[in-house]
Each structure stands twice: as C-alpha cells, then as structure tokens.
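1. structure for the following, please:
(one chain, ligands or ions: 2)
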Amino acid sequence: MPHPPSPVPSRRPRAEAAAAFWTRPTDDWLTRLGSSPQGLSAGEAARRVAAGAGNRLAGQAPAALLRQVGRRLAEPLVAILLVAALVSGLTGDWPGFGIILGIVGVSVAMDVVQERRAEQAAAALRDSVAVQAAVLRDGTRQSVPVEALVPGDVVLLAAGGLVPADGLVLAAEGAQLNEALLTGEPYPVAKQPGPARGADLAEASNAVFAGTAMVAGSARMLVVATGRATRLGGIAAGLAARRPPTAFERGLRGLGLLILRLTVFLVLFVLLAHLAFHRPAIESFLFAVALAVGLTPELLPMVTTVTLSRGALRMAARRVVVKRLAAIHDLGAMDVLCTDKTGTLTEARITLAEGGPPEALRMAALNAGLAGGVPTPLDAAILAARPVPEGWRALAELPFGFERRRSAVLVAGEGRRLLVVKGAPEAVLAACTAAAAGPFDHAALLAEAEARGAAGLRLLGIALREVPEDEAVTGPEAERDLTFLGFLAFLDPPKPSAGAAVARLAQLGIRTKIVSGDAAPVVRHLVQSLGLPAEGLLTGEEIARLDDQALAGQVERVDLYARVSPDQKRRILLALKARGHTVGFIGDGINDAPAIHAADAGISVQEATEVARAAADLILLAPDLGVLAAGVKEGRRTYANVMKYVRMGTSSNFGNMLSMAVASIAIPFLPLLPAQILLNNLLYDLSETGIPFDAVDPADLAAPHGWDMRAVLRFTLVMGPLSSLFDLATFALLLRGFGVTPEVFRTAWFVESITTQILVIFLIRTAGPVWRAAPPHPVLVATSLGALAIALFLALGPFATALGFAPLPLAVQAMLLGLVAAYLAVAEGLKRVAVRAGGGGLAL
Ligand SMILES: Nc1ncnc2c1ncn2[C@@H]1O[C@H](COP(=O)(O)OP(=O)(O)OP(=O)(O)O)[C@@H](O)[C@H]1O
Ligand SMILES: [Mg+2]
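-> Ligands and ions are numbered 1, 2, ... in the order given. The predicted structure follows:
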C-alpha cells in the first residue's frame, strides 16, 4: 500500500492526547496515519523519526552542554562568587578579580566534564538493558528500541511485555492488561479489536496504553501516539520519575541543608562582628563570601555522581547493570533479600517427570498448545513431552491468572467440545466434582499432591468438562463441575551453586527469604536439598487472613512464603520495610513486578519478562545469586567512598572556617585574603577527586551500612575542632613568637592549612591504624600530592607576590613542619574516637 505523505499526527501532541482516540474507527486511523495492518515501510518509519515523531519522553535526551554550564552559573554560590569578582574588579583588586573568575571557571569546568562523562557511561549501561519492541516494518517482524516507534507502526505484544506506546488493538488473543498505573484498577482488563464501549478511559476496550503491562495473551496494535503525546508521557516520564527519594538521597539533602544553615550562621556572625569592629565594609563582605564558599562542599554532587558511575561500571564488569544510580547505596544497605524460587534457586530447566494417565497428558498438551500468547515454562515442558494432538482447534480461552492459578481452553475436535483446565492442584480440585478414574475423593487427592510435593515434584492438576453447543465460555464461572483426569509432575533441579551463594550473602549480613507462588511442600523440599538455613513458613492463605500490622509481626521470623499471589509478594516486602529493614527483591516474572517495584533494591535478570525488568533498579546479566553477592560488595565499596568524601569534606571545611572566623575577629587584619581562601578550597577539592578510585576497609564491606547522619556529625565535631586547635596554635606562634607581617602570616597559614588538610586524607581514609590499611589507590596519591605540590608552588614560587604571599623565614618553615607532624600524630589517635561511634552497624 502506498504511503501518502500525510502530516505526522504527534507533531501536535497535546491535541492528540486530549482526544479519546479509541472512539474513532480503526480504518480511519489507518488512513490518517498512512499505514496498514502490515505496518509501515522502514523508510517511512525512519522519515517519521527524523521528523521528531519518535517515542521519546522529554527529559530523556542528554542535557545540552551549554544548558549544563548555565545551570551551574545560576547556582546561588557561584552567583555570589561572580558578584564578588565584580566587586573586586570595581575596587581595583585585579589579582582578586582574576583568581575568583579563574576558580569559578575551573570548578565549573571540572564539574561539568566529570559529571557528563560519568552520566554518559551510566546511560550506556542502562541502554544495554533497554526494552525492545517487536514491530512490523516492510511487512516483516523486527526488533527495534522502543524509542524508534512512530505513529502508524504495527507492534506485536506478548504476555510479560510492556505496552510501548498508545494505540488501537488490531487483533488479540486472550489479551489481558494490567492498567493499574493508569486507572488504579488492580485486576487485569480484557482487550479486543472493534468499537469501544465509550469515550471513558475505562471503556477503551479496544485501546492499549504506554506503560501498562500485558499479563496474558497476545495482541497486535496500531501505534497512534508516542512519547509525550501518550497518556502516561503527559503525566510523568515513567515509573522512575515518581519514586520517593531513597534514604541516601534524603541523607545527602539533609546534609546540604545542615551545611547551609551553618554557613548562614557563620557568615552573618563574621559579617556583623567585622562591622561592629568598624572594619572596611567591602573587604568584610568579600571575606564573608569566601567563607561561605569555603564551607560548601560544592563538588559533593559531582564526586557522588562520579563515584556512583564508577561503581556502576565496576559492577557491570561483575555482571550487574545499574539502571538507577542511587540504588547502589540501597544494595549496599540491604539486609534482607527476598527471592522467588525458579531461576535463582533452581535451574529453571523444567521437565515433565511423570505424565500421569495418558488422557491427562493429551488434554494438558491441548491446553498448553492451543492457548494464545507465549507458552510458560510449564507449558513448554508439557509440549516437549507430548506434541499437540492433531485435529483440534481452540474456540475460547481463559488465560492463566496468578490469583486463580488455573488456565482453561475451550477446544473442539473429534466431534466434542471440551473445556480443558490445568493449574495448581488445589485450584483445579476446588472446581472438580468427579474423577475419570473412579469415585472423586477430594481429600485423598489433596493428600497425594502434598506428598509428591514433599518429594520435590511440582504438580499440575488436569480436569475437563463437556460443554454443550449453546454454552459460551466467557469467564472463570465456566470452570465448574469438572472431571478430574490426573496430575502431571515436573522437576526443576535445584541450582547447586545456590547454597553457597546464600551462605555468602549471610556472611555479608544479608538474610535470604524465599517468596514463591509454588506449593509449600515443594518450597520446603528445595530448602532442605540446598541446605539453606530457613525458618518458619507462611502460605498465601494464612497471609490473606493477616492485616498489614499482624503480617509485620510475623515477617521477622518467617523465611519461607509459599502459594503467595503477586500482591502478597508486595505486602510481604512492605511489611519487612515497615520493620526497618532495607529490603531487596529479586524475581523474573510478571507476578514479581509489584514487589520489585516496591523494594528498596528491585532486582531482575536479563532473561526476565519485560515487566519485571522495567520495574527493577538492577539487572543481573546472569541469573545467579553469586553475581548478586559480588554486586553487593561493589555497592558497599562505592558507598564507603562517597562517605569518605562527605566525612573529609565536611570536617575539614568546618574546622578551617571555624579557625578563619575566630581569627578574623581576634586578629586586626584579614587572616587570609578572600582569593586565597578560594584557592585553598579549590586545591583541597582537587586533591579529593581521586577518592572514587580508592580501596576501602574490609569492615565497610562486611555488613550493611545505611546513611548515618549522626556518624557524619560526630566525625565533623571531633575532627573539625581538632584542626582548628592546631590552626589557633599556629596563629599564636606566628604573631606572639615570630611577630610576622600580615603577608607572611597568610602565607604560613595557607601552607599549614592546605598541608594538614591534604595529608590527613591518608589517615582518615581508613578507620583502623593507618599502617594496617590497604595502600591508597595511585590515582588518589596523584591527585592529592599533585594538589599539594601546586599549592606549595603557588605560595612559595615565582607567582607568590601576585597572589599576596611573601617568602617564609626558615624558622617559620621549621615551626610549620613540627606543627604538621604533631597534628597528624594526634589526628591518627583521635580518628578512632571519631569513627567508632557511628562506624559499624546499621543506622535506623
Ligand atoms: N501455564 C500454567 N498453567 C496452569 N497453571 C500454572 C501455569 N503456570 C503456573 N501455574 C500454577 O501457578 C503456580 C504459581 O506460578 P509460579 O510457580 O510460576 O509462581 P512463582 O511465584 O513465579 O514461583 P517461583 O517462586 O517458582 O518463581 C504454579 O505453581 C502452578 O501451580
Ligand atoms: Mg517465578
């Protein structure tokens, strides 16, 4: 069919989104979009992408470089600095003007470049696990990134998939969608082609919407709206955007606020004191501004992003892909891991072990083979053992549902109409009233299922009913008065490596709990054969009787959960969270997605259903708990390094600014020129940029660590004043002992301050004795000693006078050397007090 050069509708996104597109006939849309049931040509699709009709949500595109720079220049601190530079220039202080501008330039450039590189690396990783869509182009099925979809495309949807755009259903087989995201309705709704029931969203039975999940069946859709023109795109950029901040993000924000308050207080205090002593107003203002800048760990966001991105790269090398950077912290802080059974603890190589009566297997093959949608692993195992009998066709289908735990297919053949039902034994038996093999003994059959489950066999019950010609099968109420045919038994061998992986997690301080939709005896048998240390068991039936509070009371001591529904998986997770745990959930099915989304660290695997992968923060490239243990270590390492920077930065800045404030009042001249303060601050930041590379203490890896504000405060309040004490001693000696000029005083203090700040990094990078720690990473050594060398060169080298420095007498140099040595010795002793209090254990 020729494609008329029609205007691409989504160029006018708002108007399209507002209209109830499903009320127009499908043929209208096909004509309007210049498409056909066979889809677009590849060339036409490419043209539409080029015209901007692609399926991108705004904000996904990387921010333009200029905008990133502009955003930083508009930050209050930088703005204040620019004002300060202006004031310096107007008062004829040209070195000050140059230095301030230079510092702004260097730190903004450093910030932007580093952060961009880090973000790009993280984005590339994310893209490697991005979702693809099956689309018809040039009449053949192709797999393309969801961003490349345009209005007019025809997309094939299957169970377990996410709908990539808004559109109309062209064909469907048992298609059921979960639209909770859009409508809040937790139960799946059926979709079929044809006219809609009405203009309301809930009546759009012929339309599917981006971001909703296909839980059963299959369908073919015509894309009508993409990207921001979709219902969901208009509201928010997907699930990720609406996540509440993690403990880590809240912590960082809290710290920022605390520093802000401290800064305002200190700056106002200094400014008022100076004015009260009748110091020159402009000079005092510049000094106060420099103090404010000095106090702010302005590189913290950059160091955090860079450290986390580096961590993400290292984790990728260990086959864990991070979709959301902040989840690295959650992974490190995780102390409970919930896992489903199949694939993580078992091989997920399901085979039929016992076929039961021949008629049961034959009927099971009909059910599995004639059902629409993708076959589940159990279906595949049936069909591998017994091909679909010839001469039968499907008339209707009640797709498998995780709440009902049955699937039913109405089939016709050999002159009969049969409703064939298969599912969890108790779910099938509940609908049976007779048995093919003789009298129907419900209790005896249940007991048999229980016993064989305890031997490690996964069972499915098979049953059927003759359906008269005039009866239509439309809902689960058709599954009644069934005749029981028999059980099929399946084997899924336990993964030998799983036992060791759980033990490794336990060593890392993480308790593993199993949350499965399978039967209790099967779960118990698995735990025994793997030798897992698990206690207690709750079934879905028992959980249904508990309210959230009662459930929270139980989850602490129960490690096994069987026959739980998707929503119960989520409830268990929330109960653990309510008990103060940081909880991870790993799973691969549609039924795991709600729990993965609710978890602190939502984890899935590369082979999982799209819905599960979309809900996850982390994707394991191999379905193995051992991979996860390695990832946890990497997460903790990353987090420990972020905390190192936070501790060092806050304590050192605090100490410095405290001394400066005291000195500026006690001494009749400025203790450091504003430009010198900024220089000191910049060089110190530079020295710390190597921290993301550094090794960490074994203790930081051994147990979960959460954000601990008290530990940060304690460290700051011990180490900050300690450095102030030595600063004040330096002042006293310089003024009383040597009677130096203001220029020499500033030079000496600059040298003392930057030397102590930088050298102490090597001590406080570890909580234990410095000689027992792992050696610092070469990059950290290079950045810190490099920064120190630059500082000494600027203060003592040929440009010293231009910066307001003066040569230091030999005696002063000797005194500084002694003070620095004494400070380092005391700091090494005192750091244990500063760290110990908040160091170990979980912060709740
Ligand atoms: N295709 C199917 N047809 C009929 N019944 C099924 C089918 N798939 C699963 N069931 C039944 O539903 C139950 C729950 O499904 P499933 O075992 O996949 O849940 P789960 O929570 O993902 O389990 P796991 O922890 O093993 O991953 C199964 O034990 C089985 O009895
Ligand atoms: Mg599963």
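
2. is residue 410 in a helix, a strand, or coil?
-> Using DSSP: H, G, I helix; E, B strand; the rest coil, the structure places residue 410 in strand.

3. from ligand 2, how far off is it?
-> Distance, residue 410 to ligand 2, by C-beta to the ion, to the nearest Å: 27 Å. Using the backbone N, CA and C atoms, a C-beta is placed for each residue, glycine as well.

4. ok, now residue 531?
-> Residue 531 is 22 Å from ligand 2, by C-beta to the ion.

5. go on, residue 819?
-> On the measure of C-beta to the ion, residue 819 and ligand 2 end up 64 Å apart.

6. what separation do you get for that residue and residue 512?
-> Using C-beta to C-beta, to the nearest Å, one gets 53 Å for the distance from residue 819 to residue 512.

7. does any bit of stretch 342-360 sit next to ligand 2?
-> Yes: judged by C-beta under 5 Å from the ion, stretch 342-360 comes into contact with ligand 2 at residue 342.

8. got the buried residues for that stretch?
-> Buried positions in stretch 342-360, judged by neighbour count with 16 or more other C-beta atoms under 10 Å: 342-348, 350, 352-353, 355-356, 360.

9. want to try JSON lines for those, with distance to ligand 1 and secondary structure as columns?
-> Listed next are those as JSON lines, based on distance: C-beta to the nearest ligand atom, whole Å; DSSP: H, G, I helix; E, B strand; the rest coil:
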{"residue": "342", "distance to ligand 1": "3", "secondary structure": "coil"}
{"residue": "343", "distance to ligand 1": "7", "secondary structure": "coil"}
{"residue": "344", "distance to ligand 1": "8", "secondary structure": "coil"}
{"residue": "345", "distance to ligand 1": "8", "secondary structure": "coil"}
{"residue": "346", "distance to ligand 1": "7", "secondary structure": "strand"}
{"residue": "347", "distance to ligand 1": "12", "secondary structure": "coil"}
{"residue": "348", "distance to ligand 1": "8", "secondary structure": "coil"}
{"residue": "350", "distance to ligand 1": "10", "secondary structure": "coil"}
{"residue": "352", "distance to ligand 1": "13", "secondary structure": "strand"}
{"residue": "353", "distance to ligand 1": "15", "secondary structure": "strand"}
{"residue": "355", "distance to ligand 1": "16", "secondary structure": "coil"}
{"residue": "356", "distance to ligand 1": "15", "secondary structure": "coil"}
{"residue": "360", "distance to ligand 1": "13", "secondary structure": "helix"}
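
10. tabulate those (JSON lines), appending pLDDT.
-> Shown next, in JSON lines, are the buried residues of stretch 342-360 (pLDDT from 0 to 100):
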{"residue": "342", "pLDDT": "88"}
{"residue": "343", "pLDDT": "85"}
{"residue": "344", "pLDDT": "87"}
{"residue": "345", "pLDDT": "91"}
{"residue": "346", "pLDDT": "91"}
{"residue": "347", "pLDDT": "88"}
{"residue": "348", "pLDDT": "85"}
{"residue": "350", "pLDDT": "92"}
{"residue": "352", "pLDDT": "95"}
{"residue": "353", "pLDDT": "94"}
{"residue": "355", "pLDDT": "86"}
{"residue": "356", "pLDDT": "88"}
{"residue": "360", "pLDDT": "95"}
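
11. need the max-distance pair from those residues.
-> For the buried residues of stretch 342-360, the farthest-apart pair by C-beta to C-beta is 344 and 360; their separation is 30.2 Å.

12. which non-adjacent residue is nearest the one residue in the stretch 651-800 of the chain that gets nearest to ligand 1?
-> Residue of the stretch 651-800 of the chain nearest ligand 1, by C-beta to the nearest ligand atom: residue 704 (24.5 Å). Spatial nearest neighbour of residue 704, chain neighbours left out: residue 335 (4.4 Å); criterion: C-beta to C-beta, 6 or more residues apart in numbering.

13. can you measure across stretch 342-349, start residue to end residue?
-> End-to-end span of stretch 342-349 (C-alpha to C-alpha, to the nearest Å): 9 Å.

14. just give the closest residue to residue 543, not the sequence neighbours.
-> residue 568 is the one closest to residue 543 (C-beta to C-beta, 6+ apart), at 5.1 Å.

15. ok, that neighbour - contacts?
-> Shown in contact with residue 568 (C-beta atoms under 8 Å, 6 or more residues apart in numbering): 540, 543, 544, 561.

16. what confidence value was assigned to the third one?
-> At residue 544, the predicted lDDT confidence score is 93.

17. please renumber so the chain begins at 22
-> Okay, using 22 as the starting number, the last item reads as residue 565.

18. that one - how many residues pack around it?
-> 12 (other C-beta atoms under 10 Å).

19. separation between it and residue 585?
-> From residue 565 to residue 585 the distance is 9 Å (C-beta to C-beta).

20. cool, the second one as well?
-> In this view, residue 564 and residue 585 are 6 Å apart by C-beta to C-beta.

21. overlap in contacts of the two?
-> residue 593.

22. what count of nearby residues applies to residue 720?
-> With other C-beta under 10 Å as criterion, residue 720 counts 15.

23. wait, isn't it in contact with residue 788?
-> Yes: counting by C-beta atoms under 8 Å, residue 720 does reach residue 788; the two are 6.7 Å apart.

24. show me the helices in the stretch 72-221 of the chain, by range?
-> Secondary structure of the stretch 72-221 of the chain (DSSP state H, counting those that start in this stretch): helices at 86-94, 97-111, 115-149, 201-204.

25. out of those helices, nearest to residue 454?
-> It's helix 201-204; of the helices of the stretch 72-221 of the chain, that one is closest to residue 454 (C-beta to C-beta) at 35.0 Å.

26. what's the first helix or strand after the least confident helix or strand in the chain by mean pLDDT?
-> Ranking every helix and strand in the chain by mean pLDDT, DSSP states H and E puts helix 34-39 at the bottom, with a mean of 42. Using DSSP states H and E, the helix or strand that follows helix 34-39 in sequence is helix 47-53.

27. what's the distance between residue 209 and residue 538?
-> For residue 209, the distance to residue 538 - C-beta to C-beta - is 16 Å.

28. meant to ask about residue 686, not that
-> From residue 686 to residue 538 the distance is 69 Å (C-beta to C-beta).

29. same question for residue 817.
-> Residue 817 is 71 Å from residue 538, by C-beta to C-beta.

30. quick one, phi/psi of the closest residue to ligand 2 within the stretch 572-721 of the chain?
-> Of all residues in the stretch 572-721 of the chain, the one sitting closest to ligand 2 is residue 610 (3.9 Å; C-beta to the ion). Reported as degrees, to the nearest 10, the phi and psi values for residue 610 are phi -100, psi 170.

31. that one against residue 631, yeah?
-> No: under the criterion of C-beta under 8 Å, residue 610 makes no contact with residue 631, lying 11.2 Å away.

32. which residues do the two both contact?
-> residue 181.

33. could I get the average pLDDT for the longest helix along the chain?
-> Criterion DSSP state H: the longest helix present in the chain is helix 646-687. For helix 646-687, the mean pLDDT works out to 85.

34. what's downstream of it, the next helix or strand?
-> Moving toward the C-terminus from helix 646-687, the next element (DSSP H and E) is helix 695-709.

35. ok now that following helix, how far from the chain's centre?
-> Centroid separation for helix 695-709 versus its chain: 34 Å, with C-alpha atoms, centre = their mean, to the nearest Å.
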